[in-house]
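Novice: okay, sequence plus prediction incoming.
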Amino acid sequence: MLFGLQLIVNILVFLFLFNLNWLFEKRKNPDYAGGPSPKSVFIPVILGTVLTLLDVLRIQFLVQLAVLALLAVVLYWVFSIFTRK
């Protein structure tokens, strides 16, 4: 039960942070076309899941941050390769 709640909270926090710019633009200009990009949905879900799993494993905080930062860089790199035109 606690794992699921923690997972949901982590994913929501990452979703909020990744879509903050889009939310500000939408608030400034209600006619702002488009929605958040797929990257801003997939990456937060993956990062939230990994952060929850690292927390459940009770790994030290600095190791969690290092693994999370490394994963974020790898995900950004992978998405940048697949989204090139």
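Specialist: Nice, I can see it.

Novice: make it CA atoms for all contacts and neighbour counts henceforth
Specialist: Fine.

Novice: for Ile8, give me the pLDDT.
Specialist: What the model reports for Ile8 is a pLDDT of 93.

Novice: any idea which element it lies in?
Specialist: Here Ile8 sits within helix 2-18, counting by DSSP states H and E.

Novice: list the neighbours of that helix that are in contact with it.
Specialist: For helix 2-18, contacts defined as Cα atoms under 8 Å, 6 or more residues apart in numbering pick out Ser40, Val41, Pro44, Val45, Leu47, Gly48, Thr49, Leu51, Thr52, Val56.

Novice: what angle do whatever helix or strand comes next after it and helix 2-18 make?
Specialist: Sequence-wise, the next helix or strand downstream of helix 2-18 (DSSP H and E) is helix 20-28. Calculated by axes from the mean of the first three to the mean of the last three Cα atoms, to 10 degrees, helix 20-28 forms an angle of 60 degrees with helix 2-18.

Novice: which parts of helix 20-28 are buried?
Specialist: Trp22 (16 or more other Cα atoms under 10 Å).

Novice: buried stuff in whatever helix or strand comes next after that helix?
Specialist: On the C-terminal side of helix 20-28, the closest following helix or strand by DSSP H and E is helix 39-56. Of all the residues in helix 39-56, those buried under the rule 16+ other Cα under 10 Å are 39-41, 43-54.

Novice: and those, which is closest to Leu20?
Specialist: Of all the buried residues of helix 39-56, Leu20 sits closest to Ser40, with 9.9 Å by Cα to Cα.

Novice: how about the contacts made by the closest one?
Specialist: Contact partners of Ser40, counting by Cα under 8 Å, 6+ apart, are Leu15, Phe18, Asn19.

Novice: so how far is Ile46 from the first one?
Specialist: It refers to Leu15. According to Cα to Cα, to the nearest Å, Leu15 stands 10 Å off from Ile46.

Novice: go on, the second one?
Specialist: Applying Cα to Cα, the value for Phe18 to Ile46 is 12 Å.

Novice: just the last one next, same as before
Specialist: According to Cα to Cα, Asn19 stands 15 Å off from Ile46.

Novice: now do Val56
Specialist: Distance from Val56 to Ile46, by Cα to Cα: 15 Å.
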